[in-house]
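Q: Sequence and computational prediction follow.
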Amino acid sequence: MAARGRVARDYRESALRPHAHYDFSLLFLVVFLAGFGLVMIYSASAYRGMVRFHDSMHFLKRQGLCVILGFAVMIGLSKIDYRIFAKPLIKKTAINLSLLAYLGCVGLQALVLVIGEEYNGAKRWIQLPVIGSFQPSELSKVATVLFVAYIVSIAPKRLDKFSGFVRVMLYMAPLLALIAKENLSSAIIVGVIIVAICFVASRKKLYYFLVGGAGVAGILAYIHFVAYRAERVEIWRNIETHPKGLQILQGLYAISAGGLFGTGLGQSMQKLGAIPEAYNDMIFTIICEELGVFGAIIVITLFVLLLWRMFVIAISSPDLFGGLICTGVMAQIAVQVIINIAVVTNTIPSTGIPLPFISYGGTSVAILLAEIGLVLSVSNQIDHRKTS
């Protein structure tokens, strides 16, 4: 109760504090990545759009609308005090926006199992009017960031014991289980967000290595007992001979064809059908083919700078809740970049993780931009002279 009162008091005090200016370094990086993503989506999808829809800009238009929506939400969230998500809606209760977001996402994840659209053997999308296909697992990521940051910030000392971490995992178990039922890759990302937030807030770190080992063992067991996931491991081990290894193999050909400086923007040959839906999770291979190793290194460097800027904001945050929000968003983007690049280079078995801000996917980019809005909201509450 005292901890929740402290959160509410911090919120009231912050309302009296003059707002700082935008963190323009972070904003510029996000704008550049999103803009670059639109360019690459057009390059990778123009041929397929013309063949299927008689419009080379079909996919670019759809993604562009979602980017515009995402930027609008990002600006809106950046203008409010992030502590509003921790402020009790009813006095002397734990009911707040972060809790409602979590419960809402549990409901959506249950709903998608009932009425969701099946694609490639998995139910992950809900069809909505006007918006179209919506993937609840993407919204669940931002709800996880907010809710876990809140429950950890009100009693961080509990995480010094393993039982405190178990309690957090029990809170999140319903959402994790519902996501993992049809979308193991998103469940892994949500799990990483939870562990990252708890790890940063805890003064005792040793037991997290045991948790990590147990988590990896659990994932391997889950893969082993689910036929189509086990098949992906078999494809990964025999990429050159397995009949279903064509997409990754063609992606590797695209990477090798790019050389040091690439074949030139728009000049990829693999996107003309060799790589199905090259504008989705495999878009990094097209970047490598058209812009070469040089272009790929620049993209990775931009992500590193983005993560560094969020790290600086996190450690300069005026309170633990804000710092943990930044930590959760940073962990999500980092793990998605690492897994996506690892998959397309055949370093790990294939799984459906988009490259943040760049891969085609309206729900993904809009939610990511909303999360950046939360980070900008945190940055607006700190003195930027301390983060330069």
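A: Received the coordinates, thanks.

Q: Have a look at this protein and report its longest strand.
A: In the chain, assigned by DSSP state E, the strand with the most residues is strand 122-128.

Q: What are the contacting residues of that strand?
A: The contact list for strand 122-128 (C-beta atoms under 8 Å, 6 or more residues apart in numbering) reads 108, 111-113, 115-117, 119, 133-137, 182-183. (C-beta placed from N, C-alpha, C; glycine too.)

Q: What strands flank it, and is each parallel or antiparallel?
A: When sheet partners are counted by DSSP bridges, strand 122-128 sits next to strand 117-119 (antiparallel), strand 132-134 (antiparallel).

Q: any idea of the mean pLDDT in it?
A: On average, the pLDDT along strand 122-128 is 74.

Q: The longest helix along the chain: what's the following helix or strand?
A: Using DSSP state H to assign secondary structure, the helix with the most residues in the chain is helix 283-316. Under the assignment DSSP states H and E, the closest C-terminal helix or strand after helix 283-316 is helix 320-344.

Q: Next, the buried residues of that following helix.
A: Using 16 or more other C-beta atoms under 10 Å as the burial criterion, the residues of helix 320-344 that qualify are 320-337, 339-341, 343-344.

Q: the inter-axis angle of that helix versus helix 283-316?
A: Computed with axes from the mean of the first three to the mean of the last three C-alpha atoms, to 10 degrees, the direction of helix 320-344 lies at 160 degrees from that of helix 283-316.

Q: and helix 320-344, what other elements does it pack with?
A: Contacting helix 320-344 under the criterion 3 or more C-beta pairs under 8 Å, 6 or more residues apart in numbering; DSSP states H and E are the following elements: helix 136-153, helix 184-201, helix 246-258, helix 283-316, helix 362-379.

Q: Tell me which of these sits nearest to G64.
A: When those are compared for distance to G64 using C-beta to C-beta, the nearest one is helix 362-379, at 9.6 Å.

Q: any idea which helix or strand carries the residue nearest to A110 when sequence neighbours are not counted?
A: Computed as C-beta to C-beta, 6 or more residues apart in numbering, the closest residue to A110 that is not its neighbour in sequence is L178, at 5.9 Å. For L178, the element it lies in under DSSP H and E is helix 162-182.

Q: picking that back up, out of the contacts of strand 122-128, which end up buried?
A: 108, 112, 116, 134-137, 182-183.

Q: Distance from the chain centre to stretch 133-141, please.
A: From the chain centre to the centre of stretch 133-141 is a distance of 10 Å (C-alpha atoms, centre = their mean, to the nearest Å).

Q: Contacts for it, please.
A: Applying C-beta under 8 Å, 6+ apart, the external contacts of stretch 133-141 come out as 105, 108-109, 111-112, 117, 124-128, 175, 179, 183, 186, 189-190, 193, 332, 361-364, 367, 371.

Q: Please name the nearest non-neighbouring residue to V293.
A: Across the structure, with C-beta to C-beta, 6+ apart as the measure, the residue nearest V293 apart from its sequence neighbours is L260 (5.3 Å).

Q: Using the three-state scheme, assign that neighbour.
A: Using DSSP: H, G, I helix; E, B strand; the rest coil, the secondary structure recorded for L260 is coil.

Q: surely R203 meets G164?
A: No - counting by C-beta atoms under 8 Å, R203 sits too far from G164 to count as a contact (11.0 Å).

Q: joint contacts of those two?
A: With contacts defined as C-beta under 8 Å, 6+ apart, the residues adjacent to both R203 and G164 are K157.

Q: what about the two, which has more around it?
A: Neighbours around R203 and G164, counted as other C-beta atoms under 10 Å, are more numerous at G164. The numbers are 19 against 8.

Q: check contacts around the more buried one.
A: The contact partners of G164, by C-beta under 8 Å, 6+ apart, come to 155, 157-158, 202.

Q: Distance of the residue nearest to V293 relative to C288?
A: Counting by C-beta to C-beta, to the nearest Å, the gap between L260 and C288 amounts to 11 Å.

Q: Between the two, tell me which one has more neighbours.
A: Taking neighbours as other C-beta under 10 Å, L260 and C288 compare with C288 leading, 28 against 8.

Q: Could I get the contacting residues of that one?
A: Applying C-beta under 8 Å, 6+ apart as the definition, the contact partners of C288 turn out to be 254-255, 258, 262, 295-296.

Q: So for stretch 193-201, what gets flagged as buried?
A: 193-201.

Q: what about the stretch 101-250 of the chain, any weak spots by pLDDT?
A: Judged by pLDDT under 70, the stretch 101-250 of the chain has its weakly predicted residues at 119-122, 129-132, 224-229.
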